[in-house]
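J.: when you get a sec, could you give me coordinates for this:
(2 chains)
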Protein chains: 2
Amino acid sequence: MTQPSFDPKAFRAALGTFTTGVTIITAQAADGSQVGITANSFNSVSLDPPLVLWSLAKSAMSLPVFTDGTYWNVHVLSVDQEPLSGRFASRGEDKFAGIALDDGMTCAPLLPNCTARFQCRTAFTHDGGDHLIFIGEVLGFDQSDRPPLVYQSGQYALTARKPREEVRLTKAEPPPECSYTEDLLGYLLGRAHFQMVNRLQGLLQDQHLDQAQFFILSVLCIRDRLTLDEINAYIGYTGHRVDPSDMQVLMAGGHVVIEKERYRLTADGREASLHQIAQAKAVEEDLVQTLGLGDALALKLLLKRLIERTDPGLPDLWAVSA
Amino acid sequence: MTQPSFDPKAFRAALGTFTTGVTIITAQAADGSQVGITANSFNSVSLDPPLVLWSLAKSAMSLPVFTDGTYWNVHVLSVDQEPLSGRFASRGEDKFAGIALDDGMTCAPLLPNCTARFQCRTAFTHDGGDHLIFIGEVLGFDQSDRPPLVYQSGQYALTARKPREEVRLTKAEPPPECSYTEDLLGYLLGRAHFQMVNRLQGLLQDQHLDQAQFFILSVLCIRDRLTLDEINAYIGYTGHRVDPSDMQVLMAGGHVVIEKERYRLTADGREASLHQIAQAKAVEEDLVQTLGLGDALALKLLLKRLIERTDPGLPDLWAVSA
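T.: Sure thing, here's the model as predicted:
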């Protein structure tokens, strides 16, 4: 895999494989105007004394502000601040428009809602080829529990943290002649799904409903007044074919009524469905606590990408009908 | 969230929120011995000339090797190299034992199987408090398609890359009175699971099998000679209760035979099951291609963590019986 020539594009791509966080670094110019740029060249240097570094292109318009001034703030961006990263990475417009700054220790602008912030004073600058390296003494810092935004190979990313011990569902190896292992994505998705549903099972039993009826109520809670065919179009992907007897059970239970061949929820039916969703959210909240918010966001992102990829062309449940 | 005092532990924690890749940096001492240390202080500095930097604690035993010598290699570690990261982060033992080094441009050891590598010559060193900053000119580099290992807040991590456009399954907003949205984890897991199963549906129809029978064959493929109760213990989490009529269908189809109240696969049954698993793997392979290997690994890791957390106490399907 050795690269014989030295192609700048390939060099940039190779460097990009080193994952980084995303920071915005801000300062105030002598005339009081504010500058800020997105940078991923940040890193810690020293704990005692507390020093951090980053580097800025010598061609950057904001370079004189940083070389003339003394103070700058490093903001480690959170997942929610991805739009801010884009804004401060581009030129033009007033980058600080609409941002209510926090009060900092120095004149440098202090952005809110970050994962961490470091308020710094330039200790040294060093030549770094087409960049200038700033080494700053940290005067103050703070941290929140917002999950950090990540950058890798030119794309933003979320992280899935690895526990110290490898996560294994079985203690054993599968028999060699069978290639069905706990690493099969289909197995993991099925088991994760069914275990989530099991957490709702008690409530459904109290409501005298089965899983298929739960799906029907959920669909009707989002889109009311559907025909049997329409209901089937929405939940057919679950493999369950809804027939009139399913609907009879829901009508007998007072959850659903039919009007001109279209089913709609009764007040009781809506309440039952909202109750189920509330419980599903409680289960989810517990999992988000366990996994961590950043990891939960990563899981949802990956599931959506997988669903998008395997979508057999399901109708959009949430689309407003014409 | 401002930190009034300056606690080193809190400072380290705040710095740790800045995500990084993981590198091993190697050099050869004058006596021919080899050193290598794990570092996440690496970063790119300049494209023209090509410069990178990293910093080393002044207290590090290997410091003289790097200050006396000229050449060092930076290895951006891949996900598979997590054990190597641990090995080179600790003292003692011969860190290079058992590693077949690649031939490099210089005397510095060149480790195989990395995500990217940079072969460098020291350009400058700069004081950085309790660390020394090494700025190196890149003499050569290469890159593979191995997903990179990530480090965040003291833990290893995998990344879930975000596409430029937000992934949304619906174009619409859900009605305000209904809190069932596409962001509900239960919905995402269910839909992802069912869409994966749908990819097997054609094969199952050809085999005249339904999903429950597919699960039964999968279980018997891993653990043969099970009673009906044992089969139910393994697949009960799917919500399907296996009764003798399910087994009758499988016996009539020639997939299963019963001996002393224990079911086992016939040769045909095993072939049918292996066929299903092969198809499931083909579906998975397609998805890994789409998501990218690193993202697919992240998805599996997160699903395992979720399954571990929601496990109602299922028996270990792969455990060797006593």
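J.: from now on I want contacts and neighbour counts done on CA atoms only, so please keep to that.
T.: OK.
J.: spit out the contact partners of the residue nearest to A:Phe194 when sequence neighbours are not counted.
T.: With sequence-adjacent residues excluded and distances taken as Cα to Cα, 6 or more residues apart in numbering or on different chains, A:Phe194 is closest to B:Thr238, at 5.4 Å. B:Thr238 makes contacts with A:190-191, A:194-195, as judged by Cα atoms under 8 Å, 6 or more residues apart in numbering or on different chains.
J.: would you say A:His126 is within a strand?
T.: Yes - counting by DSSP: H, G, I helix; E, B strand; the rest coil, A:His126 is located in a strand.
J.: verify the stated contact: it with A:Lys58.
T.: No - the criterion here is Cα atoms under 8 Å, and A:His126 misses it with A:Lys58 at 11.6 Å.
J.: tell me which of those two has more neighbours.
T.: Between A:His126 and A:Lys58, counted using other Cα atoms under 10 Å in any protein chain shown, A:Lys58 has the larger neighbour count: 17 against 14.
J.: quick check on the more buried one: phi, psi?
T.: Main-chain torsions, A:Lys58, degrees, to the nearest 10: phi -60, psi -20.
J.: now do it against chain B, distance only.
T.: To chain B, A:Lys58 is 10 Å away according to Cα to the nearest Cα, to the nearest Å.
J.: contacting residues for that residue?
T.: Contacts for A:Lys58 (Cα under 8 Å, 6+ apart) come out as A:130-132.
J.: go back to those and keep what's next to chain B.
T.: Filtering the contacts of A:Lys58 for proximity to chain B by Cα under 8 Å from any Cα of the partner chain leaves A:130-131.
J.: just the buried ones from the contacts of A:Lys58?
T.: If you count burial by 16 or more other Cα atoms under 10 Å in any protein chain shown, the buried members of the contacts of A:Lys58 come out as A:130-132.
J.: let's see which of the contacts of A:Lys58 end up in strands.
T.: A:131-132 (DSSP state E).
J.: would you reformat the contacts of A:Lys58 as a markdown table and include distance to A:Gly253 and pLDDT?
T.: Formatted as a markdown table, the contacts of A:Lys58 follow (distance: Cα to Cα, whole Å; pLDDT from 0 to 100):
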| residue | distance to A:Gly253 | pLDDT |
| --- | --- | --- |
| A:Asp130 | 73 | 96 |
| A:His131 | 71 | 97 |
| A:Leu132 | 72 | 98 |
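J.: identify, from the contacts of A:Lys58, the entry nearest to A:Leu111.
T.: Using Cα to Cα, A:Leu132 comes nearest to A:Leu111 of the contacts of A:Lys58, at 23.7 Å.
J.: mind checking the end-to-end distance for stretch A:137-148?
T.: Using Cα to Cα, to the nearest Å, the end-to-end distance of stretch A:137-148 comes out at 23 Å.
J.: if you count neighbours, what's buried in it?
T.: Result for stretch A:137-148 [16+ other Cα under 10 Å]: buried residues A:137-144, A:146-148.
J.: quick one: A:Asp224 and A:Thr266 touch, right?
T.: No - applying Cα under 8 Å as the test, A:Asp224 and A:Thr266 come out as separate, 10.2 Å apart.
J.: so what pLDDT did A:Pro148 get?
T.: pLDDT recorded at A:Pro148 is 97.
J.: any idea how far chain B is from it?
T.: Shown here: A:Pro148 relative to chain B, a distance of 7 Å by Cα to the nearest Cα.
J.: wait, that residue touches A:Ser78, no?
T.: Yes - with contact defined as Cα under 8 Å, A:Pro148 counts as touching A:Ser78 (4.1 Å).
J.: and for those two, which residues touch both?
T.: Counting by Cα under 8 Å, 6+ apart, the contacts common to A:Pro148 and A:Ser78 are A:Thr115.
J.: so where is the stretch 51-200 of chain A shaky, pLDDT-wise?
T.: The stretch 51-200 of chain A contains residues with pLDDT under 70 at A:173-179.
J.: which residue ranges of it form strands?
T.: Applying DSSP state E, counting those that start in this stretch to the stretch 51-200 of chain A gives strands spanning A:51-57, A:71-76, A:116-128, A:131-143, A:150-152, A:155-161.
J.: and among those strands, the most buried is which?
T.: strand A:71-76 (a mean of 29; mean count of other Cα atoms under 10 Å in any protein chain shown).
J.: what does that one contact?
T.: By Cα under 8 Å, 6+ apart, strand A:71-76 touches A:21-28, A:66, A:106-111, A:114-122, A:148, B:17-18.
J.: walk me through the domains of chain A.
T.: Domains of chain A are assigned by automatic domain parsing as A:9-157, A:185-310.
J.: would you work out how far apart the start and end of the longest one are?
T.: Meaning domain A:9-157. Start to finish, the residues bounding domain A:9-157 are 21 Å apart (Cα to Cα).
J.: cool, and stretch A:143-161?
T.: Using Cα to Cα, the end-to-end distance of stretch A:143-161 comes to 19 Å.
J.: got it, and stretch A:52-72?
T.: Start and end residues of stretch A:52-72 are separated by 11 Å (Cα to Cα).
J.: could you do stretch A:120-135 as well?
T.: Length of stretch A:120-135, first residue to last, Cα to Cα: 9 Å.
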